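**Q** Build me a model from this:
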Amino acid sequence: MNYLYKKGNCSLILLNVHDGSNKFLNCISRHKKNINEFDNYFVDKNDTNTQLITLNTYNLMVSKNLKPYLLINKIHRSHKDLNRNIDKACNKNCSSCKIHYNSFHDKLEKTVESIKKKYGKCFILDIHGNAHSDNMIQLGYNLPISSIKKNLFKDISLNSVKNKNYDEIKKYLYGTKSLSYYFKKNSVNSKIDIYPVYNNINSKIIQNKKYYHGKQYLINKYSNMCDIVLLELSPDVRFKYNTATIIGNTMLNYYNRAYKKKI
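**A** Residues are numbered from 1 along each chain as shown. Okay, here's the model as predicted:
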C-alpha cells in the first residue's frame, strides 16, 4: 500500500501528501514536459520532515485520548503530486501513478463521507511546508490576504461556517474560535509567528513573505465537502524539536473547546 491510513475516533483528519520516500518503478519522474504544466507552480521537491511531524502529532494526540484519522502518502513528490489535478499530478504516461492518485483520493473522500455521517462534520488539517518563510506557521483558508482584509469570505475553506455572518466568520478565521488563537496559546514560549494573526489581521508580520492561503487542488475540492485548513510550516519550524507538540496540543484544545461543540 502506497499510503498509511489509521482510523480515528473523532471528526479530525491529519493529512500529509508531500513527504513520501517511495518511487514508482519503471516510471519517469514528473517534469513540466510530461505533465503539461508550464506555469510557476510546478514543484517536485518534498516538504521535508512534514511526514514525521504529522506522525508525531498523531501520536501525541492519541496519547491524550483523542485519536484523529490519519492519512499519509508514501510516494515521493517527484513522481506524484496529490495536491494537483490528475493531469498535472502525474507523468501522463505512468498508469501506476494515476492508479495511486485515484486510490488515495477515493480513500480520503470516503473517509470524509464516513466521518460526516457519524459526527455531522469533518475537519482536515492538511500539513505542508514551504521554503519562503522563516519562524512561521501559516494557516490557509483558500482566502488571499486581500480578501481577508476586505472581509470577503465567500470562498473560506471552513464549510461549516460559510453561511454565518461576517462578524461570526472572523471569529473562526482569526478570532477566539480560530486555530490561530489556539496556536498562539500553545506556541507562546517558542516565539513562532502565526498567520493569520489572532485579533490583528493588519499586522505587518507577513510583510515581504509569501502567504500560502491554500489555492491548490485539495483545499478547493474538499472545502465543498467539509472543513479543511492548510498548515504551512517554514523550514526552520519543521526542524524544531517541539513543533509536533505545539500542533498536537493546539488541535486537542481547538477540537475540544471550539470545533466539536460550537461550529
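**Q** Now residue 97. Nearest residue, chain neighbours left out?
**A** residue 90 (3.6 Å; Cβ to Cβ, 6 or more residues apart in numbering). Glycine gets a C-beta too; all of them are placed from N, C-alpha and C.
**Q** What is the burial count for the one you found?
**A** 26 (other Cβ atoms under 10 Å).
**Q** give me phi/psi at it?
**A** Note on residue 90: its backbone torsions stand at phi -130, psi 150 [degrees, to the nearest 10].
**Q** try the one 10 residues further on
**A** Backbone torsions of residue 100, given as degrees, to the nearest 10, read phi -70, psi -40.
**Q** any idea how far residue 82 is from it?
**A** With the distance defined as Cβ to Cβ, to the nearest Å, residue 100 ends up 9 Å from residue 82.
**Q** Just the CA coordinates for stretch 197-208, please, in CSV.
**A** C-alpha atoms of stretch 197-208 as CSV (Å, rounded to 0.1, in the frame of the first residue of the first chain):
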residue,chain,number,x,y,z
VAL,A,197,-2.7,36.8,13.3
TYR,A,198,-5.1,36.4,16.1
ASN,A,199,-7.0,39.7,16.7
ASN,A,200,-4.7,41.8,14.5
ILE,A,201,-5.2,41.0,10.8
ASN,A,202,-3.4,44.2,9.7
SER,A,203,-0.2,43.2,11.4
LYS,A,204,2.9,43.5,9.3
ILE,A,205,4.0,40.0,10.4
ILE,A,206,3.6,38.7,6.8
GLN,A,207,5.3,41.7,5.2
ASN,A,208,7.8,40.6,2.5
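**Q** Pull out the buried positions in it.
**A** Neighbour counts over stretch 197-208 (16 or more other Cβ atoms under 10 Å) mark 197, 198, 201, 206 as buried.
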